[in-house]
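K.L.:
Sequence plus the predicted model coming up.
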Amino acid sequence: MNKPLRRIALFCGLLVLALLVRDNWLQYVQADSLQKNDNNRRISIERYAQPRGDIIVDGKSITGSKETSSSDFKYKRTYQDGPMWAPVTGYASQAFGANQLESIEDGILTGNDDRLFFRNTLDMITGKEKEGGNVVTTLNSAAQKAAYDGLAKRGKGAVVALEPKTGKILALASYPSYDPSSFAGNSTTTDTKAWQKLQKANDPNDPMLNRALREVYPPGSTFKVVTAAAALENGLYDDPDAKTNSPLPWIMPGTTTELKNEGNIPCKNATLREALRVSCNTVFGKVGADLGNDKMLAEAKKFGFTEEQFTPVRSSASVFSEGMNDSQTALSSIGQYNTAATPLQMAMVASAVANDGKLMKPYMVDKLQAPSLDTIEQTDPEELSQPLSSKNAQILQSMMETVVKDGTGTKAQIPGVTVGGKTGTAQHGENNSKNPYAWFLSYAKLSDGSSPVAVAVVVEDEDAVRDDISGGGLAAPIAKSVMEAVINSKK
Amino acid sequence: MSSTTNPPTHHTSTIGAIGAPSRRNTELALLVFAVVIPVFAYANVGLAIHDEVPAGLLSYGLGLGLLAAVGHLVVRKFAPYADPLLLPIATLLNGLGLVLIWRLDQSQRLQQLAERLYDSFSPSAPKQLLYSAIGIALFVAVLVLLKDHRVLQRYTYISMVAAIVLLLLPLVPGLGANVFGAKIWISVAGFSIQPGEFAKIVIAVFFSGYLMVKRDALALASRRFLGLYLPRGRDLGPILTLWALSLLILIFENDLGSSLLFFGMFVIMLYVATERTSWIVIGLLMSAGGAVVVSTFASQVQVRVNAWLDPFGCYETSGACEQIGQSIMSFGSGGVLGTGLGQGNSDLIGFAANSDFIFATVGEELGLAGVMAFLLLYGLIIERGIRTALAARDPFGKLFATGLSGAFALQIFVVAGGVMGLIPLTGMTMPFLASGGSSVIANWALIGILIRISDTARRPAPAPAGNPDAEMTQVVRP
């Protein structure tokens, strides 16, 4: 019986060997991916084991941490003015994970970032508790407040304000919003309920949607700024005050459909300046058809269309289609048809014009700080593209300033400040049945020629009487108050 | 059946020459380590969790030392030539198991869970200490009462009946307790007993006695077909019966582990007894057949196979794979060196953390290094068991030791493989480590029997008979 017995011994040896091999596979080869597995609660336990670092606006922290006793997560995130800042901070919830800045800069906020390794090791030796670093944002709290309060009065919408020279995001508001504090813990009675109430399925207003970055709206007439830039850049028209070749009525090429203007406005052979002032569909529709799909798309792309932006929070890509025929291009060139843009995208358009044609990459994290407040990373302004030449940018500026001075955007006028802008009333819904979106994009210019702020505002007000909705009436006052807030805080 | 006739140059068994050392002092020295290591581990857990040396350190050390001392003295007295490794390894595993259970007792998460499920929490470590003492008592009883393991041969068929009764007890209404889907417990006077753990030993007695008698018939009366020796129909009877029994256990008690264990043990012993590879082939074919049948009908098995194939697949939806997913993450989070005793989160596994899944705590807190050390300790027990079987001079003892070590090896593989996601989970417990009375008591009895067999096997061969001529002379002496 010894021969089979030896084989059995070998077999038992193989069983143990199989276990050893499996163990090495699990604990050595796969250890890292298992540690980082989304289901691994240890990540959250560690994340909330010490107070998180803070997100800072204007030198003041807009987040905090509270010690809890109820669960294995020791600290809970708190937010000041949560709904106002939610589109910036995102949320960090014990039960539902984190998003936006809370998630992207998690390494710094928890103190786990590799760049803090040396310090952490030192702390471990000295027995000091691990601390998280801070995220210092570029935002301006006065502008944010103006934007948020303005939207709250109007219903739904979003505001993005940029500093044209650098691309710094000064305001990023979305309404309706949510308070990330309400579900920061992991109590099934309070936090889960609050979370569920905010889901789109339970709240048609979708308060957790970041409208400033993640929603694309048809930009309507505000897109005419891009079309005007394309006309100037491609040499279709050089002089904003020369008559254009624009018949009225104008039949869209390849169709029998007439492109209509809003109301009875003087658009026949109007100059570019005049066409922008009163917002002529025929003039800019024909410009788009004359330039063609390719040239329009190229110009839109230079402004940032069709690309996601990383601020570092990701924004949706704005849309300008390719392969359209001339009539579709004409409609797209007045911000209808497939054209769709995020509020961030339209703010980028305004800021490129205001910055003499240079488009800066938008960003909202100024610097990352170690717990000791040493800077570990500083974001430098970065040029994204040059959608139009400095000369053409100045031509476009003068056109946009006319819009505010005595055109559709008069409600954005600020005494002592030169303001350029463009209104937009974008139709949407089947057969344009729904209330249109009211757009306004603008920039302010100080007497020294510098431009501290460019703003895009979109208001989706479904309760307003249809005739009341216009970019100039609904959105411009919000843009104005945001620009004033930025200018006042500069003083 | 050739060990006794092996020429001395070939024999690799542990039979010593006449006057071989008994190795009792080696055992004593190893036992000191087996007691000291858990004591340090205990202190380590206390320091990690409460920042202080646990108050019970002295009494725990003394208690474990006392149990080890009793074991050692009994072995010294009643089994002086026994294998010197078995007792120290079992003591070390038992001691570390107590530390791990105590560590999980300190987990707030498990305390809250118990309060939510049963409205009360009671620590498992004191119970386990009591069970360990009972286990050692049984170990002592085995060595004192069972002077010669061959006595058990007499109880071959009684063992069979006893094993079947033990296995079917959980199905008796009013006696069996359905705990989380598996009907493998019975509760008597407030105590939960897992009869399957004891059945493991009793059934080995039956197999050894039965196969010892029938091995020639099973081995020789067969027809050759396709290179295999096919047994006669009537010889297939016992294996078919066993196959059916293991399927019944699986279907009616939802106990994948036991059915695998008994059938595997039987095939191993059959192979060793008959030296016919065909039995292994037949055994494998029948397990495969059984697996197909059962996986078609038993939903519990399907659930476990699915959880094994994709440990995180149903994590959010049904949670049926939550335990195995948690266990695998425990191992992964431990990494190479582990988090240190008391500093992991293996209690996330939930209610079975200190029984079925206790090995995951080893994985997380002692890391790859610790798990490998534990696996090697278990491997050593198996190896010493098989060595004992090789050395045993009687076929019954040989088969008995084979069966016990084989079952032990299968159990280790099935449990550790299950919690590490190598094979589907079966719901058995790691011998000596896991919390639970039946397991620790039965395994101490198992070690006692192995020590008894190894004592007989290693005992110096009886002095050769005198010169036959001299005997003859004596016979004719007036």
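P.N.:
Thanks, I have it. Predicted, not measured: the structure shown is a model, and the values here were computed from it.
K.L.:
so who does the closest residue to chain A within the stretch 301-450 of chain B touch?
P.N.:
Relative to chain A, the nearest point of the stretch 301-450 of chain B is residue B:332 (2.4 Å; CB to the nearest CB). Glycine gets a C-beta too; all of them are placed from N, C-alpha and C. Residues near residue B:332 by CB atoms under 8 Å, 6 or more residues apart in numbering or on different chains: A:26-27, A:30-35, A:37, A:40.
K.L.:
what pLDDT does it get?
P.N.:
Looking at residue B:332, its pLDDT stands at 92.
K.L.:
Regarding residue A:248, what is its secondary structure?
P.N.:
coil (DSSP: H, G, I helix; E, B strand; the rest coil).
K.L.:
from memory it sits against residue A:281, does it?
P.N.:
No - using CB atoms under 8 Å, residue A:248 makes no contact with residue A:281, being 10.3 Å away.
K.L.:
Please list the residues of chain A that sit near chain B.
P.N.:
A:1-9, A:11-13, A:15-16, A:18-20, A:22-24, A:26-28, A:30-35, A:37, A:39-42, A:45, A:72 (CB under 8 Å from any CB of the partner chain).
K.L.:
picking up where we left off before, so which of the contacts of residue B:332 comes closest to residue A:235?
P.N.:
Using CB to CB, residue A:33 is the member of those that sits closest to residue A:235, with 56.0 Å.
K.L.:
The residue nearest to the closest one when sequence neighbours are not counted sits in which helix or strand?
P.N.:
Excluding the flanking residues, the one nearest residue A:33 by CB to CB, 6 or more residues apart in numbering or on different chains is residue B:332, at 7.4 Å. According to DSSP states H and E, residue B:332 maps onto helix B:322-334.
K.L.:
Any idea which helix or strand in the chain has the lowest mean pLDDT?
P.N.:
With no chain named, the answer covers chain A. Lowest by mean pLDDT, DSSP states H and E among the helices and strands of chain A is helix A:117-126, with a mean of 78.
K.L.:
Show the pLDDT at the residue most central in space within chain A.
P.N.:
Residue closest to the average C-alpha location in chain A (CA atoms, centre = their mean): residue A:213, at 2.8 Å. You'll see residue A:213 listed with a pLDDT of 93.
K.L.:
Nearest residue to it in space, please, no chain neighbours.
P.N.:
Using CB to CB, 6+ apart, the nearest residue to residue A:213 is residue A:315, at 3.9 Å.
K.L.:
what residue ranges in chain A score low on pLDDT?
P.N.:
For chain A, the stretches flagged by pLDDT under 70 are A:70-71, A:428-435, A:461-471.
K.L.:
give me that answer again for 80
P.N.:
Regions of chain A meeting the criterion pLDDT under 80 cover residues A:44, A:47, A:69-72, A:118-121, A:123-130, A:263-264, A:426-435, A:461-473, A:490-491.
K.L.:
rewinding a little: would you mind giving the contacts of residue B:332 as TSV with neighbour count added?
P.N.:
Shown next, in TSV, are the contacts of residue B:332 (neighbours: other CB atoms under 10 Å in any protein chain shown):
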residue	neighbour count
A:26	25
A:27	28
A:30	16
A:31	20
A:32	11
A:33	10
A:34	24
A:35	15
A:37	20
A:40	23
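K.L.:
closest to chain B among these?
P.N.:
Among the contacts of residue B:332, and counting by CB to the nearest CB, the member closest to chain B is residue A:34, at 2.4 Å.
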